[in-house]
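**Student:** one predicted model, sequence on top.
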Amino acid sequence: MADKVCADINVKFPDYLDELLSEKEMTELELHIEKCPACKKELEGYNKTVQALRNLPRYTTHPNIVIRINARIEKNKKWWQKIDHKILRGAAGLIAAVVLCVVGLQFYNGSLPRPTDKENKAAVNGNLEQTESREALAGPDSGAETLSKDQKKADGFVAENISADRNEENAGRKAEAAKEPESSASNSQSELKDKADGERDLLQKAKPVEAPAAKSLSLAGSLKSVYEQKGLYCLNSSAGNFVIKDKNALNKTFEKYLPGLTLPAVDFKKEMVVFIFLGEETAEPKDIIIKEIIKEKKKLKVKYGVYSILDTDTSGSKLSPFFIKVIDRSNLPVEFTAE
Amino acid sequence: MAFEQDSILLKGLKARKKHSFNQLVFKYKDKIYNTAYRFLADYQEAQDLTQECFVAVYKNVGKFREESSLSTWIFTIAVNLCKNKLKSAEHKKHERTLSLIEKALDVKDDRGNPATFMEKKEFEARIQSELEKLPEDMKEVVILRDIEQLSYEEIAEILNIEQGTLKSRLHRARLQLRHALKEVI
């Protein structure tokens, strides 16, 4: 019985030393110790052991330990972790700025896709409605225009057929109005694919440059356009604007200045072709955009704009931008106005 | 040396501020070093382990979820490293090295009583030797409670055991040491 009491008391030694016992337990333990020499001796020995452990000498680390730890961290770092965070952040900022500049410039120059037709739909809705009836009448042309779009997809070239975009947007309405046979579309598609292949050689060097506001241009134009082609490189080194009204002249012009570019299918009974050449440019690269074609009583006015572009070509080729547009045939004199 | 609060140091540490990390090392280096020494009984290994512990702290501070205090987390890393080291063959083969301090003190100290000094050294060596003989689970509680004097709460968190288990384990370890050191205490 006494052993059991002593064992119960011994168990309380840790809490007794840490003063974690309740007052009652403390008094009980102390009363027992006074009466029991064995427990008293045990407690003294226990306490001395704990004190000896608590009083063990404490050592200090090597004075260079901080340097050693830092050196070890540096050694274990990957190369990108070794770069100063500020430098890394600066470099990331610089790269982001350069990317933004490049994207911005390309967007400004028109090489990046502009807002899609759907996005533009709302904006141009009013204009579309005005031109709708006229476009509907242009059903037979829609095949060629769609082709022009395919061709653009095929060789990634800039050649832009503005009417194609517009027609694509209104394909449903046009299809209804024109009721053009499917065969006609497929024929013209294969025709245009051939055309695209031919053009690829000549236009390989051409930068993908789209004229800004090109889409609104066609809508603003007073005469309907059925074919439009523009590029930055051709073999005509001198500036000049002219109109071609027969097939032979068109063939010769294409052979001379635009070999490799497929001839557009032009019905010279109803249509004629307008050419604008800016000539070879040595400084300040520019591109052309036809802004408006206005039929007046005594003349046909072709208004075009010239705007600066960023020449990123490093091949050394000189720019010689051109713009070709097929318009409705007219016997009126044509006046070219640069704006 | 006055140190900043752990919460401030932790904030700086997470922001990879060198100043905060160095302060943290200064604050805990000796505690970790002494703990490691009592586990491993080797100065050189204790130095290496202290370095390893702080490198681990630096690397893993991002993963520290602050469910415990920073000091508890650092001790947990140190204790786990010590346990791994004790199990390693490298440690078992290792020839014990004397610390620079110990080497210096091996030369007769004219300022004090060499006899007393030797007695102290022998006494400490005896305790260390008995400590090493304890099973690992008892050794760790004695080191953390009696030598490092951490609270029961902290130790329970570090070792991931209940406080009741901890207390009974500590009591058994102390009784074993008391019995082994009867002649010298």
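**Tutor:** The structure has been received and is ready for your questions. Computed from a predicted structure; not experimentally measured. Numbers count the residues shown, from 1 in each chain, chains lettered A, B, ... in the order given.

**Student:** show the backbone phi and psi for residue A:259.
**Tutor:** phi -60, psi 140 (degrees, to the nearest 10).

**Student:** in contact with the nearest residue to residue B:20 once chain neighbours are set aside, which residues?
**Tutor:** Leaving aside its sequence neighbours, residue B:20 sits nearest to residue B:12 (Cβ to Cβ, 6 or more residues apart in numbering or on different chains; 2.6 Å). C-betas here are computed from N, CA, C, even on glycine. If you count contacts by Cβ atoms under 8 Å, 6 or more residues apart in numbering or on different chains, residue B:12 has them with B:19-21, B:23.

**Student:** same question, residue B:154
**Tutor:** With Cβ under 8 Å, 6+ apart, residue B:154 has these contacts: B:69, B:71-72, B:75, B:144.

**Student:** residue in the stretch 101-250 of chain A nearest to chain B?
**Tutor:** Nearest residue of the stretch 101-250 of chain A to chain B (Cβ to the nearest Cβ) works out as residue A:101 at 30.8 Å.

**Student:** quick check: which element contains that residue?
**Tutor:** According to DSSP states H and E, residue A:101 maps onto helix A:85-109.

**Student:** list the contacts of stretch B:70-89.
**Tutor:** B:6-7, B:9-10, B:24, B:28, B:31-32, B:35-36, B:39-40, B:45, B:49-50, B:52-53, B:56-57, B:60, B:64, B:68, B:91, B:136, B:140, B:144, B:148, B:150, B:154, B:157-159.

**Student:** also stretch B:178-185?
**Tutor:** Contacts for stretch B:178-185 (Cβ under 8 Å, 6+ apart): A:45-46, A:48-49, A:52, B:123, B:126-127, B:130, B:133.

**Student:** save these as TSV, and put in neighbour count and secondary structure too.
**Tutor:** TSV is the format used below for the contacts of stretch B:178-185 (neighbours: other Cβ atoms under 10 Å in any protein chain shown; DSSP: H, G, I helix; E, B strand; the rest coil):
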residue	neighbour count	secondary structure
A:45	17	helix
A:46	22	helix
A:48	14	helix
A:49	25	helix
A:52	19	helix
B:123	16	helix
B:126	16	helix
B:127	22	helix
B:130	18	helix
B:133	11	helix
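
**Student:** what residues sit buried inside the host helix or strand of the residue nearest to residue B:20?
**Tutor:** Applying DSSP H and E as the criterion places residue B:12 in helix B:6-14. Using 16 or more other Cβ atoms under 10 Å in any protein chain shown as the test for burial, helix B:6-14 gives B:6, B:9-10, B:12-13.

**Student:** alpha carbons of that helix, as PDB, please.
**Tutor:** In PDB, the C-alpha atoms belonging to helix B:6-14 read as follows (Å, rounded to 0.1, in the frame of the first residue of the first chain):
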ATOM      1  CA  ASP B   6       9.200  36.500 -35.300                       C
ATOM      2  CA  SER B   7       6.100  37.700 -37.100                       C
ATOM      3  CA  ILE B   8       8.200  40.600 -38.600                       C
ATOM      4  CA  LEU B   9      11.100  38.400 -39.500                       C
ATOM      5  CA  LEU B  10       8.700  35.900 -41.100                       C
ATOM      6  CA  LYS B  11       7.200  38.600 -43.300                       C
ATOM      7  CA  GLY B  12      10.600  39.700 -44.400                       C
ATOM      8  CA  LEU B  13      11.700  36.200 -44.900                       C
ATOM      9  CA  LYS B  14       8.700  35.500 -47.200                       C
END
